[in-house]
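Trainee: would you be able to build a 3D model of this:
(one chain, ligands or ions: 1)
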Amino acid sequence: MKIALLGKGKTGGKVLELLLEAKIPHTVFDSTNTPTIENLRGHDVVISFLSGEVFKHYMDLLVASKIPVVTGSTGMSWPSDFDIDLKNKNIKWIYATNFSLGMNIVQQMIKIMSQAGKIFSDYKFSMMEIHHTKKLDSPSGTALSWKNWAGHEMTITSDRIGDVIGIHELTLTTNNERITLKHEALDRKIFAEGALFAAKKILNDKTLDPGLHLFQDVVQAEFSQT
Ligand SMILES: NC(=O)c1ccc[n+]([C@@H]2O[C@H](COP(=O)([O-])OP(=O)(O)OC[C@H]3O[C@@H](n4cnc5c(N)ncnc54)[C@H](OP(=O)(O)O)[C@@H]3O)[C@@H](O)[C@H]2O)c1
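Mentor: Here you go, the predicted structure:
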C-alpha cells in the first residue's frame, strides 16, 4: 500500500507519524509540493487532511486520478450527485468530519438519547463544542453530525480556545434531570488512526461498493458483522 498524504499540518502530521512508525510507503503533498495527475500516479490511496476549501480545489483532480480517497476535510459540502458520479466511475471514497473510532460509540449513545421524547414530555437538547483558535469552521463538522444523529433542534455554542483538539458535549435537560454526553479528543492521533483504518478498508474490503461512504457507516457495518 502506497499512500498519498495530502496535508501534513496538525492532523496530517499525525498520519505521517503513523506511516513512518509502520514503515508504510508514502508521499507527502503540501502547499509547496502540490498534487498533480502525474505525481499522484503509483499511489494506491489518498489520505487528505487539507482544509475544506483547499480540498474542494483538488476534487476534480482526485476524481480524475481514479485513486480511492479518504478525506477528513471539514467546512465543505458535497455536490448533490457526487455519490452517483463516483459509482459511475467505479471509484470508492470515504469521508468523515471526525475519524475518531470512539465517535462510533458516541453515535450509538446519541441514538438512545434521541429517544427522550418517548418518556419525557418536556425536554430540550443543547450542545457545546470547543476547538483550537486556528479552526476555520464553526460550529464544528462533528457538532453538526451529532445534531443530525440526535434529530432534534438545539442551540450549539462554539468556543475557540488555545490548542484544544476537540471537546463536544451534548446535554439533554428535562424538568428535574440533566444528562450530559462528553467526548474529548486527547491526541490528534485518534483521527490519524481512523483515517488509516479507512484506507485499509477501502483497499482490502471487496464488499465496499464504489461511491461516497461516510466513515461511521463503514464502521457500523463492522459492528454488525460481529
Ligand atoms: N475528520 C477528522 O477527523 C478531522 C480531524 C481534525 C481536523 N480535521 C480537518 O482537517 C482539515 C485540516 O486540519 P489541520 O488542522 O490539520 O490543518 P493545518 O494544520 O492547517 O494543515 C493544513 C495542511 O494543508 C496544506 N495546504 C494548504 N494549502 C495547500 C494547497 N494549496 N495545496 C496543498 N496543500 C495545502 C498545508 O501545507 P503546508 O504544510 O505546506 O503549510 C498543511 O500541511 C480541516 O478541515 C480540519 O477541520 C478533520
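
Trainee: helix, strand, or coil at the residue in the chain positioned nearest to the ligand?
Mentor: Residue nearest to the ligand within the chain (C-beta to the nearest ligand atom): Gly9, separated by 1.9 Å. Every C-beta, even on glycine, is put in place using the N, C-alpha and C of the backbone. On the three-state scheme (DSSP: H, G, I helix; E, B strand; the rest coil), Gly9 is labelled coil.

Trainee: could you check how far it is from Asn39?
Mentor: 19 Å (C-beta to C-beta, to the nearest Å).

Trainee: centre-most residue in the chain?
Mentor: Using C-alpha atoms, centre = their mean, the residue of the chain that lies closest to the mean C-alpha position is Ala96, 2.2 Å off.

Trainee: leaving aside the residues next to it on the chain, what's closest to it?
Mentor: Excluding the flanking residues, the one nearest Ala96 by C-beta to C-beta, 6 or more residues apart in numbering is Phe215, at 3.5 Å.

Trainee: check the gap between that neighbour and Leu62 for me.
Mentor: On the measure of C-beta to C-beta, Phe215 and Leu62 end up 17 Å apart.

Trainee: more neighbours: which of these two?
Mentor: Phe215 (25 against 22; other C-beta atoms under 10 Å).

Trainee: just confirm the more buried one contacts Leu101, I think it does.
Mentor: No. The pair Phe215 / Leu101 is not scored as a contact, 9.2 Å apart, by C-beta atoms under 8 Å.

Trainee: which neighbours do the two share?
Mentor: Shared contacts of Phe215 and Leu101, defined by C-beta atoms under 8 Å, 6 or more residues apart in numbering, comprise Gly194.
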